[in-house]
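Peer 1: Structure of the sequence below:
(one chain, ligands or ions: 1)
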Amino acid sequence: MKTISFLENLFSVRAFSTEKEDTSDDWRDVALRNAALQSMLNVPVDRFFYARETHSGSVYAVTQERPDGWMARSEEHLHLGPEGGYDALVTSVPGVLLCIWTADCLPLFLFDPAHHIAAIAHCGWRGISENIVANTIDVMKRLGTEPEQIVTAFGPCICENCYEVSEDLRFRYAEKFSPGEMEALFVPKQNGKFLLNLKKAVELELLRSGVRRASMADTGICSYESAHYASYRRGGHSDPFRQTLSGIMLC
Ligand SMILES: [Zn+2]
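Peer 2: Numbering: from 1, shown residues only. From the prediction side, this is the model:
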């Protein structure tokens, strides 16, 4: 398990990404997977919240605790993507584990230590173009966050040397990013394709939302190059529950 030490060492928050070695074929069975995760993380299963990932720009907030101890889930849909999907989770409630699965997309950890608000966002090229980063910060702001207080970390994802994309995608991004930004995001290849810098795209979105550059950290792990992490580009989607699980929880 990869601890996101930039967050865990400085603040009262837990943040991690699982490694291939943490998972097993048993994880196809939801009960076995839950039991393994509960014992690995020492968090009760009913405190796990998973994003319903559809590469959307939608955000789901877990904001209240009912007297009977069960979590009330209040949905804050912004710029709704595909029906019912949401690719980021936000909470102000301690002890709630917010989780996303990835295999090359960027798991973005966000934490506001001043207001004790945590979030996690599944950032692929499509989610970024659907404003998942800005929408997540908007929901954090509704709970009281000021963007300049947010610290963020980039989990394992495909790096700028490995992520080949088509020109279509570049055209889509040109509607969102300035010509100067586009130069930093896309490097042309000899085969007519481009290398996309996903981390740079997230960084630009964070800066635009008011997060300070000095408050961003990067695990520096490329999911495509490291055998410890799931990579769609390297291994396909044959076994979704052996993808990388990233989570954040307020302590
Ligand atoms: Zn790489």
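
Peer 1: Please count neighbours and contacts with C-alpha atoms only from this point.
Peer 2: OK.

Peer 1: Check whether stretch 198-205 comes near the ion.
Peer 2: No: applying Cα under 5 Å from the ion, one finds stretch 198-205 separated from the ion by no less than 11.0 Å.

Peer 1: Show me where the protein has its helices.
Peer 2: 5-8, 30-41, 125-129, 132-142, 167-174, 179-185, 198-208, 232-235 (DSSP state H).

Peer 1: Would you mind giving the ones you listed as a markdown table with distance to residue 47 added?
Peer 2: Listed next are the helices of the chain as a markdown table, based on distance: least, Cα to Cα, whole Å:
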| stretch | distance to residue 47 |
| --- | --- |
| helix 5-8 | 19 |
| helix 30-41 | 10 |
| helix 125-129 | 25 |
| helix 132-142 | 20 |
| helix 167-174 | 37 |
| helix 179-185 | 37 |
| helix 198-208 | 28 |
| helix 232-235 | 28 |
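
Peer 1: would you turn these into a markdown table with mean neighbour count and mean pLDDT?
Peer 2: Formatted as a markdown table, the helices of the chain follow (neighbours: other Cα atoms under 10 Å; pLDDT from 0 to 100):
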| stretch | mean neighbour count | mean pLDDT |
| --- | --- | --- |
| helix 5-8 | 17 | 96 |
| helix 30-41 | 14 | 89 |
| helix 125-129 | 20 | 96 |
| helix 132-142 | 22 | 95 |
| helix 167-174 | 14 | 95 |
| helix 179-185 | 14 | 97 |
| helix 198-208 | 19 | 98 |
| helix 232-235 | 14 | 90 |
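
Peer 1: any idea what sits nearest residue 232, other than its immediate chain neighbours?
Peer 2: residue 103 (5.2 Å; Cα to Cα, 6 or more residues apart in numbering).

Peer 1: Would you mind giving me the confidence score for the residue lying farthest from the centre of the chain?
Peer 2: Relative to the centre of the chain, and counting by Cα atoms, centre = their mean, the farthest-placed residue is residue 190 at 31.3 Å. Predicted confidence (pLDDT) for residue 190: 95.

Peer 1: and the protein, which residues reach the ion?
Peer 2: By Cα under 5 Å from the ion, the part of the chain that sits against the ion consists of 159, 162, 222.

Peer 1: mind redoing it with 6 Å?
Peer 2: Residues of the chain lying near the ion by Cα under 6 Å from the ion: 158-159, 161-162, 222, 224-225.

Peer 1: Closest one of the residues you listed to residue 23?
Peer 2: residue 224 (17.6 Å; Cα to Cα).

Peer 1: And the closest one, how far from residue 232?
Peer 2: Remark: distance between residue 224 and residue 232 (Cα to Cα, to the nearest Å) = 8 Å.

Peer 1: what touches both of the two?
Peer 2: residue 104 (Cα atoms under 8 Å, 6 or more residues apart in numbering).

Peer 1: How about the contacts made by residue 88?
Peer 2: By Cα under 8 Å, 6+ apart, the neighbours of residue 88 are 51, 57-60, 100, 119-122, 132, 136.

Peer 1: Looking at those residues, which one is closest to the ion?
Peer 2: Closest approach between the contacts of residue 88 and the ion, by Cα to the ion: residue 122, at 18.2 Å.

Peer 1: OK, contacts around the closest one?
Peer 2: Shown in contact with residue 122 (Cα under 8 Å, 6+ apart): 53, 55, 87-88, 100-102, 105-108, 132.

Peer 1: Kindly recompute the last result at 7 Å.
Peer 2: Applying Cα atoms under 7 Å, 6 or more residues apart in numbering to residue 122 gives the contacts 87-88, 100, 105-108.

Peer 1: On the pLDDT front, check it for me.
Peer 2: What the model reports as pLDDT for residue 122 is 97.

Peer 1: Show me what it bridges to in the sheet.
Peer 2: Here residue 122 sits in beta bridges with residue 107, as judged by DSSP bridges.
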